[in-house]
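Participant: pasting the structure only:
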């Protein structure tokens with residue numbers, strides 16, 4: 001019998017309008033043995049203006065929290081959108097785009113009011129159906145390969161990694177090493193189509 005692979009999900013929605021429903025979704029996912037990458041603990045613990053921080057937010061930086069949430073979405077098997085009244089705010093719309101551009105399916109039990117956003121959502125009766133669809137896709141999904149030009153792709157990655165090694169070991173006289181290293185790392189991820197690594 002084939003071992004079941006643990007599914008990973010992220011949850012999006014308006015914290016101001018739908019926090020109770022978001023919390024229920026996180027708990028329901030956990031009860032279904034789905035690992036919720038973000039928000040892992042949706043209890044609101046602080047605010048900065050309109051932005052709400054939850055217990056699983058390790059820092060109090062809007063940009064860093066949002067960037068981490070986007071990375072979690074890109075690394076997830078699916079994004080669960082909570083919009084019981086059809087409302088999808090700007091942040092959630094950005095998160096839907098992050099999922100779509102990374103090939104991560106987005107599911108909800110209610111279609112968004114916005115007709116454009118609606119095009120990127122698959123409406124399902126509940127989480128169990130979303131999980132069934134994701135698992136069916138996983139079983140039939142072929143492993144990623146470099147079908148277009150594998151030799152050229154690997155040569156480019158090796159070249160970038162060699163440059164990164166020089167920067168990391170010698171400094172190369174650059175004033176902003178972090179920008180250089182993360183820029184090169186982004187190029188490698190793009191060539192290999194890899195998600196960001198979660199800490």
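Facilitator: Yes, it's here. In this text the structure is predicted, and so the values were computed from the model without any measurement.

Participant: Tell me where the chain has strands.
Facilitator: With DSSP state E as the definition, the chain shows strands at residue ranges 8-13, 35-38, 44-48, 51-54, 78-82, 106-108, 122-123.

Participant: Make JSON lines from the ones you listed and add mean neighbour count and mean pLDDT to it.
Facilitator: Any C-beta I mention is one placed from the backbone N, CA and C, and that applies to glycine too. As requested, the strands of the chain are arranged in JSON lines below (neighbours: other CB atoms under 10 Å; pLDDT from 0 to 100):
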{"stretch": "strand 8-13", "mean neighbour count": "25", "mean pLDDT": "95"}
{"stretch": "strand 35-38", "mean neighbour count": "21", "mean pLDDT": "92"}
{"stretch": "strand 44-48", "mean neighbour count": "12", "mean pLDDT": "86"}
{"stretch": "strand 51-54", "mean neighbour count": "18", "mean pLDDT": "84"}
{"stretch": "strand 78-82", "mean neighbour count": "26", "mean pLDDT": "97"}
{"stretch": "strand 106-108", "mean neighbour count": "22", "mean pLDDT": "98"}
{"stretch": "strand 122-123", "mean neighbour count": "14", "mean pLDDT": "96"}
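
Participant: I'd like those written out as CSV, with distance to residue 154 added.
Facilitator: As requested, the strands of the chain are arranged in CSV below (distance: least, CB to CB, whole Å):
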stretch, distance to residue 154
strand 8-13, 28
strand 35-38, 29
strand 44-48, 44
strand 51-54, 41
strand 78-82, 30
strand 106-108, 32
strand 122-123, 35
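
Participant: tell me the domain ranges of the protein?
Facilitator: Residue ranges of the domains in the chain are recorded as 8-140, 150-192, according to automatic domain parsing.

Participant: so of those, which one's packed in deepest?
Facilitator: Of all the domains of the chain, domain 8-140 carries the top mean neighbour count, a mean of 17, counting by mean count of other CB atoms under 10 Å.

Participant: So for residue 116, which of the strands of the chain sits nearest?
Facilitator: In this view, the strands of the chain are compared for proximity to residue 116 by CB to CB, and strand 106-108 is the closest at 13.3 Å.

Participant: Return the list of helices and strands in contact with the closest one.
Facilitator: With contacts defined as 3 or more CB pairs under 8 Å, 6 or more residues apart in numbering; DSSP states H and E, strand 106-108 has these neighbours: strand 78-82, helix 90-101, strand 122-123, helix 127-140.

Participant: average pLDDT for the second one?
Facilitator: By that I understand helix 90-101. With pLDDT averaged residue by residue, helix 90-101 scores 95.
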